[in-house]
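Enquirer: structure, please.
(chains A and B)
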2 protein chains.
Amino acid sequence: MEDLRYAPIGVFDSGVGGLTVAREIVRQIPGERILYFGDTARVPYGSKSQDTIIRFSRQIVHFLQTKGVKAVVVACNTASALALETIAPEMDIPVIGVVIPGARVAAESTKNGKVGVIATKSTIDSGLYTRVITEIDPTVSVYGKACPLFVPLVEEGWLSDPVTVEVARRYLEPLLETGIDTLVMGCTHYPLLRDTLAQVLGEQVLLINPAYETARELKHLLEHEDLINDGACMPDDPENMHSFYVSDAADKFREFANSILPFWVDRAKLIGIDEY
Amino acid sequence: MEDLRYAPIGVFDSGVGGLTVAREIVRQIPGERILYFGDTARVPYGSKSQDTIIRFSRQIVHFLQTKGVKAVVVACNTASALALETIAPEMDIPVIGVVIPGARVAAESTKNGKVGVIATKSTIDSGLYTRVITEIDPTVSVYGKACPLFVPLVEEGWLSDPVTVEVARRYLEPLLETGIDTLVMGCTHYPLLRDTLAQVLGEQVLLINPAYETARELKHLLEHEDLINDGACMPDDPENMHSFYVSDAADKFREFANSILPFWVDRAKLIGIDEY
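Expert: Below is the predicted model:
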């Protein structure tokens, strides 16, 4: 049997957003290999139903298993909120999402017991952030707000445009009125809007990026399960360290990946995900 | 053999936008039955690749054929621009899209020979509007502009919000500077922004909605092929006159359909489109 320690970590997202999570994993556990899948043919997930998100996630996890991954990171808040509970028990390798790590640090960080969560409509409607945060600390009040225009604004590249500032003001004002001191960026695209969000929120509100906590939790998990890659058995070519798969538009994905990852992505491979 | 005249017309779109085309068909040829499919599990199409749009469109057309439609209307500009030329020759029933009818009326309407087209990125990149308009009249100059934020703004319901006016100003200003006197709304969501677009454009620019021309062309086609429904053989229950299918979130679709169609939609049926 192959030594699982040298197997890659499967990371998936509805598209490119999960690359912010992959980047954080590479930063915190640089010895690990990543096998990333972005579902660019069916992106976005944020306004779709739970049944559909579960079906898509299950196909992706099957694909990742055919690639022999040792663990799976659901690097998409919507899939973490809507599909993780269903698919994790179906698998014999560890699976973690971004919601629980993000919720945990929010519950631990708030001083006044008022936490805001911004995310896609499906993530907010799932109520998972609220459930996890209040399970950790029942005295915390959680205020959720769906922000469906943030992803298209990021994809348009209007990261600190006056339009984006105005949209952020519109979405965040009801949260600010509740007196929150902590805000979870509950969608992997949102950290790219961090400056705009901080400008609208002011200095009193702490911004939580679940990607950081997720990478930390992954590291603990791998250590605990004795799955940490000790580097004894690496690919000859450093270009084969990480690999990237998508369901559409591989070149556009590669371009975006190269704009945010700290290493060069030579290619992304196109696969037919609905065959899995 | 069944009389094809009594068969429904298949109409499809990536989601709900094509309902504006279905509405126009019902207005202009009220005796026809519509069988609509909205690909709500994989929406939007506007930023995806041609290969993927062709694959999705082919699956949908197969589905519509299993339902015995007598003609297909591709009520999605992106699919019309990227897939119609490939899939139409594969079929033995008439297929029409929205691009050619829209392009034709634009070429005929412009007085100064300057036409603007606003659409999704994939539609603009395909160059089809430009090709068709200049085939009809080589003296016309066509200026295309992708407007990726319009669909999310419509779906957020911000139809005449100051944010939407500002976004429209940003997208339309380069077109206005070219001196266009005609603008094609080359995405089925955009007619819902007509008031905002007209406000930014002023009275000098004529707005073209390809849905109207598409329904007119469909009527001529059915007459020419002797496929017009003479009403002799209608469903007993008027609720069965039209039918609606989606790949996700049937209830949300039904709600939207009832907000824009002139008759009541009792249900939308959920199907697994990737099985076709």
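
Enquirer: contacts and neighbour counts: CA atoms only from here.
Expert: Fine.

Enquirer: up against chain B, what does the stretch 151-276 of chain A have?
Expert: Within the stretch 151-276 of chain A, the positions adjacent to chain B are A:152-153, A:156, A:163, A:166-167, A:248-249, A:274 by CA under 8 Å from any CA of the partner chain.

Enquirer: switch to 6 Å and redo it
Expert: Within the stretch 151-276 of chain A, the residues that sit near chain B (CA under 6 Å from any CA of the partner chain) are A:A249.

Enquirer: now the stretch 151-276 of chain A, which segments are flagged as low pLDDT?
Expert: Within the stretch 151-276 of chain A, no stretch has pLDDT under 70.

Enquirer: tell me which stretches of it form strands.
Expert: In the stretch 151-276 of chain A, the segments counted as strands under DSSP state E, counting those that start in this stretch are A:182-186, A:206-208, A:243-246, A:269-270.

Enquirer: and the residue of the stretch 1-150 of chain A that's closest to chain B?
Expert: Residue nearest to chain B within the stretch 1-150 of chain A: A:R42 (4.6 Å; CA to the nearest CA).

Enquirer: next, the buried residues of the helix or strand where A:E85 lies.
Expert: Assigning secondary structure by DSSP states H and E places A:E85 in helix A:84-87. Across helix A:84-87, burial judged by 16 or more other CA atoms under 10 Å in any protein chain shown covers A:84, A:87.

Enquirer: between the two ends of stretch A:257-267, what distance do you get?
Expert: Between the opening and closing residues of stretch A:257-267 lies a distance of 10 Å (CA to CA, to the nearest Å).

Enquirer: so what's the most centrally placed residue in chain A up against?
Expert: Central residue of chain A (CA atoms, centre = their mean): A:A75, 3.0 Å from the mean position. Counting by CA atoms under 6 Å, 6 or more residues apart in numbering or on different chains, A:A75 touches A:12-13, A:18.

Enquirer: ok, those residues vs B:G186, which is closest?
Expert: Lowest distance from B:G186 to these (CA to CA) belongs to A:D13, with 30.2 Å.

Enquirer: top of the contacts of A:A75 by neighbour count?
Expert: Per-residue neighbour counts (other CA atoms under 10 Å in any protein chain shown) across the contacts of A:A75 peak at A:F12, which has 31 neighbours.

Enquirer: and the gap between it and A:F56?
Expert: Taking CA to CA, one finds A:F12 at 11 Å from A:F56.

Enquirer: which residues of the stretch 1-150 of chain A fall in strands?
Expert: Assigned by DSSP E, counting those that start in this stretch, the strands in the stretch 1-150 of chain A fall at A:9-13, A:34-38, A:71-74, A:95-97, A:114-119, A:141-146.

Enquirer: if you compare the ones you listed, which one is most tucked away?
Expert: Ranked by mean neighbour count, the strands of the stretch 1-150 of chain A are led by strand A:9-13 with a mean of 28 (mean count of other CA atoms under 10 Å in any protein chain shown).

Enquirer: one step back: name the nearest residue to the residue of the stretch 1-150 of chain A closest to chain B, ignoring sequence neighbours.
Expert: B:R42 (4.6 Å; CA to CA, 6 or more residues apart in numbering or on different chains).

Enquirer: burial count for A:T40?
Expert: 25.

Enquirer: roughly how far does it sit from A:D195?
Expert: As judged by CA to CA, A:T40 and A:D195 stand 26 Å apart.

Enquirer: next, count neighbours for A:H220.
Expert: The number of residues packed around A:H220, counting by other CA under 10 Å, is 14.

Enquirer: how about A:T178, what does it touch?
Expert: By CA under 6 Å, 6+ apart, no residues touch A:T178.

Enquirer: kindly report the same for the one 4 residues further on.
Expert: With contact taken as CA under 6 Å, 6+ apart, A:T182 is in contact with A:110, A:115, A:205-206.

Enquirer: surely A:G10 is in contact with A:V72?
Expert: Yes. With contact defined as CA atoms under 6 Å, A:G10 counts as touching A:V72 (4.6 Å).

Enquirer: where does the stretch 1-150 of chain A dip in pLDDT?
Expert: For the stretch 1-150 of chain A, the stretches flagged by pLDDT under 70 are A:1.

Enquirer: flag every residue of it that's near chain B.
Expert: Within the stretch 1-150 of chain A, the residues that sit near chain B (CA under 6 Å from any CA) are A:42, A:49.

Enquirer: now stretch A:166-183: buried residues?
Expert: Neighbour-count burial for stretch A:166-183, counted by 16+ other CA under 10 Å, picks out A:167-169, A:171-172, A:175-176, A:179-183.

Enquirer: and for stretch A:239-259?
Expert: Residues A:242-250, A:253-254, A:257 are the ones in stretch A:239-259 that count as buried (16+ other CA under 10 Å).

Enquirer: kindly report the same for stretch A:218-229.
Expert: Judged by neighbour count (16+ other CA under 10 Å), stretch A:218-229 contains these buried residues: A:218-219, A:221-222, A:227-229.

Enquirer: what's next to it, contact-wise?
Expert: A:5-6, A:32.

Enquirer: the strands of the stretch 1-150 of chain A into TSV, with extra columns for distance to B:Q50?
Expert: TSV is the format used below for the strands of the stretch 1-150 of chain A (distance: least, CA to CA, whole Å):
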stretch	distance to B:Q50
strand A:9-13	22
strand A:34-38	18
strand A:71-74	28
strand A:95-97	32
strand A:114-119	30
strand A:141-146	31
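
Enquirer: so which of the ones you listed gets nearest B:D137?
Expert: B:D137 sits nearest to strand A:34-38 of all these, at 42.7 Å, using CA to CA.

Enquirer: quick check: angle from the closest one to strand A:9-13?
Expert: Here strand A:34-38 runs at an angle of 20 degrees relative to strand A:9-13 (axes from the mean of the first three to the mean of the last three CA atoms, to 10 degrees).

Enquirer: chain center to strand A:34-38: distance?
Expert: Mean-position distance between strand A:34-38 and its chain equals 12 Å (CA atoms, centre = their mean, to the nearest Å).

Enquirer: just the helices in chain A please.
Expert: A:19-28, A:50-66, A:77-82, A:84-87, A:99-109, A:121-126, A:128-136, A:150-156, A:162-177, A:194-201, A:210-224, A:250-260 (DSSP state H).
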